[in-house]
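[1] Could you look at this predicted model? Sequence included:
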Amino acid sequence: MIQVRKSNERGHADHGWLDSHHTFSFADYHDPEAMGFRALRVINEDRVQPAQGFGTHGHRDMEIISYVLEGGLAHKDSTGGGGVLKPGDVQRMSAGTGVMHSEFNASRTEPVHFLQIWLLPGRRGIAPGYEQKHFPPEQRQGQLRLIASPDAADGSVTIHQDARVYSTLLGKEQTVTHTLAPGRHAWVQVARGQVRLGDIVLSAGDGAALSDEQSVSLTGVEPSEVLLFDLA
């Protein structure tokens, strides 16, 4: 079974300095039919204006992944983690018992475009943590590159949840296929471009939930960037 969440069905908030689209319920946007999928709780597509950002604020008991598409995102948190994320960088912050952090556009002239992803942790009350790794385009072009997992497999960042997150860059007519183990589910999020999921065409901002499927097959209609979540 495949259920599509179209880009124009997402919540939207334009704060001037921040333009944000919410795949699932978030902040002032509430949709009882879109509260998340399995352990996946938030996918926000954010565009932040130059030299603007999120001031210091707190989180608890959440696995937070930042995935930059364009520009640079400056991060600093109370675990001592920090740096500027560029395209290809993946940051994992485990909020656990509590963490304070800030995120700002690192540029004074160009906007930053990124995805902020939250997954519920497998257990509450873990120690906060931070991790950042780079996954160059050649590792993702025409293939699914594991970028986050519970066991740091293949050099991925470590998340405290039974989930695996993959990134792929697809050229026109390039195809990738991911096999789902029995009882597993998947979420596909198109970050850029347009792909085919079976007979379904998904465009930038679209997402799709898959349950009771044996595999996920994605083909580029045009050059595209896609995230695939393998979920319990």
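    Arrived safely.
[2] Ser211 - how many residues pack around it?
    15 (other Cβ atoms under 10 Å). No exception for glycine: its C-beta is placed from N, CA and C like everyone else's.
[3] show me what contacts it?
    For Ser211, the contact set (Cβ atoms under 8 Å, 6 or more residues apart in numbering) comprises 1, 185.
[4] Domain parsing of this protein, as residue ranges.
    10-134, 138-231 (automatic domain parsing).
[5] Export the ones you listed as TSV, with columns for mean pLDDT and distance to Ile2.
    TSV is the format used below for those (pLDDT from 0 to 100; distance: least, Cβ to Cβ, whole Å):
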stretch	mean pLDDT	distance to Ile2
domain 10-134	92	12
domain 138-231	98	5
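[6] between these, which one is nearest to Val4?
    domain 138-231 (4.9 Å; Cβ to Cβ).
[7] End to end on that closest one, go ahead and measure it.
    25 Å (Cα to Cα, to the nearest Å).
[8] that older thread, could you save the domains of the chain as a markdown table and add columns showing distance to Met1?
    As requested, the domains of the chain are exported to a markdown table (distance: least, Cβ to Cβ, whole Å):
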| stretch | distance to Met1 |
| --- | --- |
| domain 10-134 | 12 |
| domain 138-231 | 5 |
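[9] how about the ones you listed, which one is nearest Gln3?
    Nearest of the domains of the chain (Cβ to Cβ): domain 138-231, 4.6 Å.
[10] Look up which residues are beta-bridged to the residue most central in space within the chain.
    Taking Cα atoms, centre = their mean, the centroid of the chain lies closest to Ile117, which sits 4.3 Å from it. With DSSP bridges as the criterion, Ile117 is bridged to Ile43, Ile65.
[11] Run through the residues that contact it.
    40, 42-44, 64-67, 165, 227.
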